[in-house]
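Visitor: From the sequence below, what's the structure:
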Amino acid sequence: MINKSHGLVRSRRSVLLALALTTLAVSPAAAGADAGADAGAVRAPAAEHRVAAYLESIHDQPEELASFFRRLPKGGDLHSHLSGAASTELLMDLAVEDGLCIENDTQRALPPPCPAGSRPAAELNTDAGFRQQVLRAWSMQDFTPGAESGHDHFFATFGKFGEATWRHPGRVMADVSNTVARQNQFYQELMITPNSQGAKALADRVGYDANLPQLHRKLLADGAMDQVVRQAQTEADRGLAEFRAVAHCDSAHPDPGCAVPFLFISQVSRNSTPERVFTQMVLAMELAERDPRFAAVNLVQPEDGVESLRDYSLHMRMLNYLHGVHPRAHITLHAGELAPGLVKPEDLAFHIREAVNIAGAERIGHGVDIRHEDRRDELLATMAARHVAVEVPLSSNDQILGVSGPEHPFPLYRQRGVPVVLATDDAGVSRITISDEYLRAAQTYDLSYRDLKELARASLEYAFLPGRSLWDAPGRYRRVRECRAERPGEREPGPGCARFLAASPKASVEWRQEVAFTAFEHRVLASRT
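Guide: Reported below is the predicted structural model:
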């Protein structure tokens, strides 16, 4: 890892290899994988066909379906906000442990001493009605739109539980990582906001300059940005040390989350002043190039906010400029998280287009308003040609925007050849798991077992993990020459394939999933005999 405050510099590849290879130890599983030795795409073996038939046979058996989707290997989660991903129960426990207070009117967590109009969070453990009230305020539990929309309730939760999360990033990450592992996922990208206070102070001191190169130089002057970067790295050091301690990662009995490789994506608060937005972008880009734990930048907060709508095109131009300075930093953007009635019609017509064509986004988060974009077909063709993946959290799209079923563009993207990956967004707030998202997608859009496997594979193919892919072309899912004759899950990879996997964090995680598919298919079929 890179931590310049300690003088230790390693390459991104070596660090991610260490993370990925902790879980690469491949032991032969039961038979059932395809040999994949032909020159075409990976063929569906007999076991896969039989599992597909089994899935069809249980379509009206809820318990069997829930078990199937829980055990199904599901790649990685590429769109997950760390604080919103943690369980609400953990957040309430943290509020109690820290002696926080809960405001009566808003259910917002406050630091002690408790002011008038609030009560100790400790009462969450003694008053069941109070606990249920806070649970509903801090999540979408039992929410029914009325005076408050799903959009407003969803985004308001972060301000309500925020005081309970910031002191314990490692505990929150342990909760999230353990859930990811138990849901049979193999990788995660977690959105965090690094050193927000340091970036804010620097932005306010420098002020805004519409000349972006000049503003950039001001932020870098006298090592000011270097200091903000070092502070962000120190924050990450502390958080990850807490994570490893809480999850027992260095013990003889580590939690399952310790084995899940991860990368951080730096959040930029888009509903802020231009100088603060730009400063956070610079920090994110610097971290992505200097610290292997950080991979990318993303813009967060409601896309329909006053500042976000006013400055949307400016933000895309900022990213365009900075990507020219930091070409190795990845960009994934919330774009098109909008629906008719939420904003003016003209605001639905260009957000995804500018994210792709101006900001150079490699992935799009949500992308719900694609049908309302100007020259939609041209945009879809561009996204397909460039392999710009769309991160789709079906539950939050429904909860926030009221868009689901045939109104959702999930099938449109797939029909036009645009890569799609399923994600959770904020699993804790939504009260869902990635298994729920796969089940929802399968039932809503009549997906086959083969479709589900390809969605899981895509979530690793379009991850920001470094190294070559296990697949020789995006979306084709034919293994590379070095591993084409291998049988994941049936036997150890041969020397050439083993060397290839050892050199690529991405391929090593993809291989783990193929091994897991073999084992999953065997277990499903064995349970039927």
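
Visitor: Which residue ranges of the stretch 351-500 of the chain form strands?
Guide: 363-366, 389-392, 420-422 (DSSP state E, counting those that start in this stretch).

Visitor: Kindly present the ones you listed as TSV, with separate columns for mean neighbour count, mean pLDDT and distance to Asn357.
Guide: Quick note: C-beta positions are derived from backbone N, CA and C, even for glycine. Listed next are the strands of the stretch 351-500 of the chain as TSV, based on neighbours: other C-beta atoms under 10 Å; pLDDT from 0 to 100; distance: least, C-beta to C-beta, whole Å:
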stretch	mean neighbour count	mean pLDDT	distance to Asn357
strand 363-366	28	98	12
strand 389-392	26	98	15
strand 420-422	23	98	20
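
Visitor: Excluding chain neighbours, what is closest to Leu78?
Guide: Computed as C-beta to C-beta, 6 or more residues apart in numbering, the closest residue to Leu78 that is not its neighbour in sequence is Glu189, at 5.0 Å.

Visitor: Hmm, Leu263 and the one you found touching each other?
Guide: Yes. Counting by C-beta atoms under 8 Å, Glu189 does reach Leu263; the two are 5.1 Å apart.

Visitor: helices or strands next to whichever helix or strand the residue nearest to Leu78 is part of in the packing?
Guide: If you go by DSSP states H and E, Glu189 is part of strand 187-192. When contacts are defined as 3 or more C-beta pairs under 8 Å, 6 or more residues apart in numbering; DSSP states H and E, strand 187-192 sits against strand 76-81, helix 82-85, helix 169-182, strand 262-269, strand 294-300.

Visitor: worst-scoring helix or strand of this protein, pLDDT-wise?
Guide: helix 12-21 (a mean of 41; mean pLDDT, DSSP states H and E).

Visitor: Which element is encountered next along the chain beyond that helix?
Guide: The helix or strand immediately downstream of helix 12-21 is helix 46-57, counting by DSSP H and E.

Visitor: And the pLDDT for the residue positioned nearest the centre of the chain?
Guide: Nearest to the mean C-alpha position of the chain, by C-alpha atoms, centre = their mean, lies His79 at 2.2 Å. On the pLDDT scale, His79 is placed at 98.

Visitor: quick revisit: include distance to Leu215 when you put the strands of the stretch 351-500 of the chain into a markdown table, please.
Guide: Shown next, in a markdown table, are those (distance: least, C-beta to C-beta, whole Å):
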| stretch | distance to Leu215 |
| --- | --- |
| strand 363-366 | 26 |
| strand 389-392 | 30 |
| strand 420-422 | 34 |
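
Visitor: related to what we said a few turns ago, can you tell which of the helices and strands packed on strand 187-192 is closest to Ala329?
Guide: Among the helices and strands packed on strand 187-192, strand 294-300 comes nearest to Ala329, with 6.4 Å by C-beta to C-beta.

Visitor: Which neighbouring elements make contact with that closest one?
Guide: strand 187-192, strand 262-269, helix 274-290, helix 306-325, strand 330-335.

Visitor: Show me which positions of the fourth one end up buried.
Guide: In this case it means helix 306-325. Buried residues in helix 306-325, defined by neighbour count with 16 or more other C-beta atoms under 10 Å: 307-309, 311-312, 315-316, 318-323.

Visitor: Counting by contacts, list what that helix packs against.
Guide: Using 3+ C-beta pairs under 8 Å, 6+ apart, helix 306-325 sits against helix 212-220, helix 274-290, strand 294-300, strand 330-335, helix 351-357.

Visitor: Tell me which of these lies nearest to Ala247.
Guide: strand 294-300 (20.3 Å).

Visitor: quick check: angle from that closest one to strand 330-335?
Guide: Angle, strand 294-300 to strand 330-335, by axes from the mean of the first three to the mean of the last three C-alpha atoms, to 10 degrees: 20 degrees.

Visitor: doesn't Gln415 make contact with Ala384?
Guide: No. Using C-beta under 8 Å, Ala384 is not in contact with Gln415; the gap is 10.2 Å.

Visitor: So this protein: which segments form each domain?
Guide: Using automatic domain parsing, the domain ranges for the chain come out as 18-72+478-526, 87-165, 182-461.

Visitor: Compare the ones you listed and give me the one nearest Arg468.
Guide: Comparing the domains of the chain by C-beta to C-beta, domain 18-72+478-526 comes nearest, at 4.8 Å.

Visitor: so who does the residue nearest to the centre of the chain touch?
Guide: The neighbours of His79, taking C-beta atoms under 8 Å, 6 or more residues apart in numbering as the test, are 189, 191, 332, 365, 391, 393, 421, 423-425.

Visitor: hmm, 10 Å instead?
Guide: Each residue near His79 by C-beta atoms under 10 Å, 6 or more residues apart in numbering is listed here: 188-191, 265, 298, 332, 334, 363-366, 390-393, 396, 421-426, 459.

Visitor: ok, now which ones touch the residue with the largest distance to the centre of the chain?
Guide: Largest separation from the mean C-alpha position in the chain: Ala116, at 38.8 Å (C-alpha atoms, centre = their mean). Going by C-beta under 10 Å, 6+ apart, Ala116 touches Asn104.

Visitor: and what of Ala516?
Guide: Applying C-beta under 10 Å, 6+ apart to Ala516 gives the contacts 29, 71-75, 184-186, 456, 488-489.

Visitor: Okay, and it sits in which element?
Guide: Per DSSP H and E, Ala516 falls inside helix 505-526.

Visitor: hmm, back to that, farthest-separated two in the buried residues of helix 306-325?
Guide: Farthest-apart pair in the buried residues of helix 306-325 is Leu309 and His323; separation 22.6 Å (C-beta to C-beta).

Visitor: remind me which residues of the protein are low pLDDT?
Guide: The chain contains residues with pLDDT under 70 at 1-44, 529.

Visitor: can I assume Glu337 sits in a strand?
Guide: No. The assignment for Glu337 (DSSP: H, G, I helix; E, B strand; the rest coil) gives coil, which keeps it out of a strand.

Visitor: State the phi and psi torsions of it.
Guide: The phi/psi pair for Glu337 (degrees, to the nearest 10) reads phi -80, psi 60.

Visitor: That one: neighbour count?
Guide: By other C-beta atoms under 10 Å, 26 other residues sit near Glu337.

Visitor: so it makes contact with Gly365?
Guide: Yes. Assessed by C-beta atoms under 10 Å, Glu337 is found in contact with Gly365 at 7.0 Å.

Visitor: Find residues that contact each of those two.
Guide: With C-beta under 10 Å, 6+ apart, Glu337 and Gly365 have common neighbours 303, 393, 425.

Visitor: Show me which of those is closest to His168.
Guide: Out of the shared contacts of Glu337 and Gly365, the member with the shortest distance to His168 (by C-beta to C-beta) is Asp425, at 21.3 Å.

Visitor: And Pro115, which helix or strand is it part of?
Guide: Using DSSP H and E, Pro115 falls within no helix or strand.

Visitor: Pull the contacting residues for the nearest residue to it once chain neighbours are set aside.
Guide: Nearest non-adjacent residue to Pro115, counting by C-beta to C-beta, 6+ apart: Cys101, 7.1 Å away. Shown in contact with Cys101 (C-beta under 10 Å, 6+ apart): 95, 108-115, 117-123, 163.
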